[in-house]
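Novice: Prediction below, plus the sequence it came from.
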Amino acid sequence: MRTSGKLFSRKLFLILIALTIATSGALLTVLSGQPTRASSSTGKTEREETEEVRTGVDLLKEAVILCLSSPKALVKDVEKQVDPLYKEVVPLQKNGFVFIPVRFVADSLGAKVDWDGKTQTASITLGNRSVSLKYGSDIMNAGGEGIKLPAPVWASCGRLMSPADQLVKALGLYIRVYGDLIIISKNENTVDMELQPDILDEIASRVRYLPVVGSYDRLRELVVDKEDIRLTGKSKIEKFVDAILGNGVQFKDEAQVEENVAMAPEREAADTGHNQSIAKESSSTGKSSADDYSTTNVQVQGVDEADIVKTDGEYIYQVNRQGVIIIKAYPADKMKIAGNISFHEGNFIPQELYLHGDKLIVTGTSTNREILYNKKSLFAKPGLDYMDLGLVKTMIFDISDKADIKKIREVELDGSYISSRKTGSFLYIVVNKGIDPYLVLEKGKGILPVYRDTLLKDEFIDIGYDKIYYFPDMTECSYLLIAALNVDSSEEPVKVSAYLGAGQNIYVSRGNMYVALTGYGPPQTVPEVDVKVQDTEDSVRKDIITIVPRIGGPRTLIYKFALSGDSVTYVSKGEVPGTILNQFSMDEYEENFRIATTLDGVWKNDRYTSSNNMYVLDKYLKIVGKIEDIAPGERIYSVRFMGKRAYMVTFRVVDPLFVIDLEKPSDPRILGALKIPGYSDYLHPYDDNHIIGFGKDTVEVKGGAYYQGLKIALFDVSDVSNPKQKFVEIIGDRGTDSELLRNHKALLFSKDKNLMAFPVTLMEVGDERRSEVDYGRFKFQGAYVYNIDSAEGFKLKGKITHLSDEDYLKSGDWGFNADKSVERILYIDNTLYTLSKELIKAHDLDSMKEINSLELEY
């Protein structure tokens, strides 16, 4: 959104008037000449506070204001692009430090910049101060004194990037960072004052910006070199330099190598929500024809997640093979199939579903065979001139009459499914669509993302170049699509936001979505090259594409989007070292974002090892606190955030459970740790002082460890400095498994009912065990049902299987009839239901006696 300087000033003037009027009659006091009262919050008079705001606004008009990851800036209240040629040149945060484009900031402040191509050094002079920065060096020379920088100077598209704080202060200037806003000024008062949120928001609205692709030519420019890098490991400019050096070419002019040969950054690809961090009672209850019933075990209370089974307390809905079965489950003694939806006729494969009142939402995948390549194309080959395009399809059904189910809407998105969430009546679907650079080269069909909403029309709709945004430091040749759909409305079309980029995992609060993606590590220095050029700057710049570092540590890129109904608004981008495990590695609490990562490939004490980290980021995804190098040599196996604390399990030989205090975002601390055999793949809260771990038992052998049977443990964290494993249960031997270890939705848990259940595939070694590496033989598959209590621990209530005696006789040592594998367990009132693809069984929750069973056919 573009706002003129005049409009900005007018809005600020109105804000000043509002502030003055709101101060309890202060305006009348000032006009009457009566003594002014001191503010109770600051100790300043109201006149002084108002004057400070007015003075601050005037000072800001003389400052340089940038925004992290944005190509826009304000220079003396005038909007400018950071680099006139490359929108990829933006201020960035890396490793917790803010980097700024040296030439833009220097030019904006009236400094002189000289470039020495022989030494690859930029000299900046401002008044009587001089600073020199050498490309690839972490030493800055300021007034003849060497100053250590927190990271080496690097370059993006030929523009030097320097750590901001040290450079600005060396030039005698002042800097302050407000979230993602960077304010640089010659006046100390500009950065010392506390700016009002309204003023900051107004500034942010002018500089916080994602560029638009806009045209085919720009798409080609952005995308094609990514494939060049993937195939050759080098970008065009790197190959250009190799050719120069290989031919022994010596150029003659010092035409600013800063603009021509330099290293780039690593390849990266409203209301800020509620403070609810986790669902303490994930299996909450809801009223229906039954008294209460279980719901899907979700990460965030109030944010629903799709699953293969749902219930409304009377009916159970199950994704089953290539259809959906609707079972009249309550009362259990009259259980019957009430309806089904078959997708055999098409190429749609259902995967997950949601319930929303009298609507059933089914999400899955389909394909659409499209001819892509021109028959005369260089890239067309026999059998390769077409491709099956993947589509993510969402269907909405009216299920008010189970005997007459009606499909009322279809929405299709071009690409592959990442995940989805539902808050209230709004469904958010996240999709990646890959881009074939060869299609882009020949402007072939399929280079633009498409979607379809039968509310609009049956045909697919192209998302135009003017509707596609891109992240300036994008890492992947793909589109990230986020669809927002109001399932209650029969008039509002789906809104699809498109970005040149990608995602791998998502975390969703009630107000925000965070999309996470693995990127590459920080830039690394390369040998100095003495290059002199004959060509003009412009002619050489035509060949400049960002140089990608050879190899670096992996990083997690985070893109934040504000969710408000069908509005999905990009907010900011952040990054942290290392990679995440899954969605539970991320969390939002009191406007801060917390994330746990494992960083592989770290040299420590002459050893190539791994480390684990916890980061706290503010609402603009700027790192404000961190703990690094937790449990070196180990990896994160599970994480759970619970309000002001986090629990992290790492593993290599033993299982350390770390209790981490996050109450003070700027100073996270490890409060305590417990080292025990085994590890937890999933952590689930029991109450404020207890947490349940699900994982594997292990046996240590010669400095290593072999996993054994399934392990469940109840940890007491009431004394945070001394966490204890209070109760433990081992199920089976090596090879025993549960879907719960990979998918939290497989857990049924109710603290109110003291109930816990999950599917288990039991393997037992028997008396013939020879060593710890022996795998057990198949003995059982079904639901393990427990009573759980913080005082008594785990008590096995019973086991429920769908396999008959004949099935067990026919099963081998390693396999069984998978269609009778229990996948989900739920309850309605006091009846426990287990579901496989072939059966549903109902058991009395108290006695565990079977009430009824039903074969599932459609």
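Specialist: Nice, I can see it.

Novice: going forward, measure contacts between C-alpha atoms and count neighbours the same way
Specialist: Fine.

Novice: Show the contacting residues for Asn787.
Specialist: Counting by Cα atoms under 8 Å, 6 or more residues apart in numbering, Asn787 makes contact with Asn754, Leu755, Met756, Phe794, Lys795, Leu796, Lys797.

Novice: Which ones among those residues map onto strands?
Specialist: Secondary structure from DSSP state E places Leu755, Met756, Phe794, Lys795, Leu796, Lys797 of these in strands.

Novice: now the residues you listed in CSV, with pLDDT and distance to Tyr86?
Specialist: As requested, the ones in strands among the contacts of Asn787 are arranged in CSV below (pLDDT from 0 to 100; distance: Cα to Cα, whole Å):
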residue, pLDDT, distance to Tyr86
Leu755, 98, 59
Met756, 99, 56
Phe794, 98, 61
Lys795, 98, 64
Leu796, 98, 64
Lys797, 98, 65
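
Novice: List just the nearest of the residues you listed to Asp829.
Specialist: Nearest to Asp829, judged by Cα to Cα, of the ones in strands among the contacts of Asn787 is Leu755 at 12.7 Å.

Novice: can you count the residues close to the closest one?
Specialist: Residues within reach of Leu755, counting by other Cα atoms under 10 Å, total 19.

Novice: try Tyr679
Specialist: 30.

Novice: Would you mind confirming that it is in contact with Val639?
Specialist: No. Between Tyr679 and Val639 there is no contact under Cα atoms under 8 Å: 11.7 Å.

Novice: Touching both of these two, which residues are there?
Specialist: With Cα under 8 Å, 6+ apart as the test, Tyr679 and Val639 both reach Val649.

Novice: mind showing which ranges of the stretch 751-858 of the chain have poor pLDDT?
Specialist: Counting by pLDDT under 70, the stretch 751-858 of the chain has low-confidence residues at 769, 858.

Novice: In it, what residue spans correspond to helices?
Specialist: Along the stretch 751-858 of the chain, counting by DSSP state H, counting those that start in this stretch, helices occupy 805-810.

Novice: now the strands: where do they sit in it?
Specialist: 755-764, 777-789, 793-800, 824-828, 831-835, 839-844, 850-855 (DSSP state E, counting those that start in this stretch).

Novice: Any chance of JSON lines for those, columns distance to Thr598?
Specialist: Below are the strands of the stretch 751-858 of the chain laid out as JSON lines (distance: least, Cα to Cα, whole Å):
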{"stretch": "strand 755-764", "distance to Thr598": "28"}
{"stretch": "strand 777-789", "distance to Thr598": "32"}
{"stretch": "strand 793-800", "distance to Thr598": "32"}
{"stretch": "strand 824-828", "distance to Thr598": "31"}
{"stretch": "strand 831-835", "distance to Thr598": "36"}
{"stretch": "strand 839-844", "distance to Thr598": "41"}
{"stretch": "strand 850-855", "distance to Thr598": "45"}
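
Novice: among those strands, which is the most enclosed?
Specialist: Here the criterion is mean neighbour count by mean count of other Cα atoms under 10 Å, and of the strands of the stretch 751-858 of the chain the winner is strand 824-828, at a mean of 26.

Novice: ok and that strand relative to strand 755-764, angle-wise?
Specialist: Per axes from the mean of the first three to the mean of the last three Cα atoms, to 10 degrees, the angle that strand 824-828 makes with strand 755-764 is 150 degrees.

Novice: circling back to that earlier point, closest one to Gln318 among the strands of the stretch 751-858 of the chain?
Specialist: Closest among the strands of the stretch 751-858 of the chain, using Cα to Cα: strand 831-835, at 8.5 Å.

Novice: now the closest one: how far from the chain's centre is it?
Specialist: With Cα atoms, centre = their mean, to the nearest Å as the basis, strand 831-835 stands 34 Å off its chain's centre.

Novice: rewinding a little: nearest to Lys336 among the strands of the stretch 751-858 of the chain would be which one?
Specialist: strand 850-855 (7.0 Å).

Novice: Which elements pack onto that closest one?
Specialist: Here strand 850-855 touches strand 839-844, going by 3 or more Cα pairs under 8 Å, 6 or more residues apart in numbering; DSSP states H and E.

Novice: and the helix or strand harbouring Asp114, what other elements does it pack with?
Specialist: Assigned by DSSP states H and E, Asp114 belongs to strand 112-116. When contacts are defined as 3+ Cα pairs under 8 Å, 6+ apart, strand 112-116 packs onto helix 102-108, strand 121-126.

Novice: Turn these into CSV, including distance to Lys443.
Specialist: Listed next are the helices and strands packed on strand 112-116 as CSV, based on distance: least, Cα to Cα, whole Å:
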stretch, distance to Lys443
helix 102-108, 35
strand 121-126, 41
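
Novice: wait, what's in contact with the nearest residue to Lys328 once chain neighbours are set aside?
Specialist: Distance criterion Cα to Cα, 6 or more residues apart in numbering; nearest residue to Lys328, sequence neighbours excluded, is Tyr315 at 4.7 Å. By Cα under 8 Å, 6+ apart, the contact set of Tyr315 is Ile326, Ile327, Lys328, Ala329, Tyr330.

Novice: Need those residues in JSON lines (columns: secondary structure, neighbour count and pLDDT).
Specialist: JSON lines is the format used below for these (DSSP: H, G, I helix; E, B strand; the rest coil; neighbours: other Cα atoms under 10 Å; pLDDT from 0 to 100):
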{"residue": "Ile326", "secondary structure": "strand", "neighbour count": "23", "pLDDT": "98"}
{"residue": "Ile327", "secondary structure": "strand", "neighbour count": "22", "pLDDT": "98"}
{"residue": "Lys328", "secondary structure": "strand", "neighbour count": "20", "pLDDT": "98"}
{"residue": "Ala329", "secondary structure": "coil", "neighbour count": "27", "pLDDT": "98"}
{"residue": "Tyr330", "secondary structure": "coil", "neighbour count": "19", "pLDDT": "97"}
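
Novice: Point out where this structure drops to low pLDDT.
Specialist: 1-57, 191-193, 225-289, 369-388, 521-552, 601-608, 654-655, 769, 858.

Novice: Recalculate using a threshold of 50.
Specialist: 1-8, 12-13, 15-42, 47-48, 50-51, 53, 229-288, 378-379, 522-551 (pLDDT under 50).

Novice: Can I get the contacts of Tyr315 in TSV including distance to Leu714?
Specialist: Output for the contacts of Tyr315, formatted as TSV (distance: Cα to Cα, whole Å):
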residue	distance to Leu714
Ile326	36
Ile327	35
Lys328	36
Ala329	33
Tyr330	33
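
Novice: Tell me which two of those sit farthest apart.
Specialist: It's Ile326 and Tyr330 that sit farthest apart of these, by Cα to Cα, at 12.0 Å.
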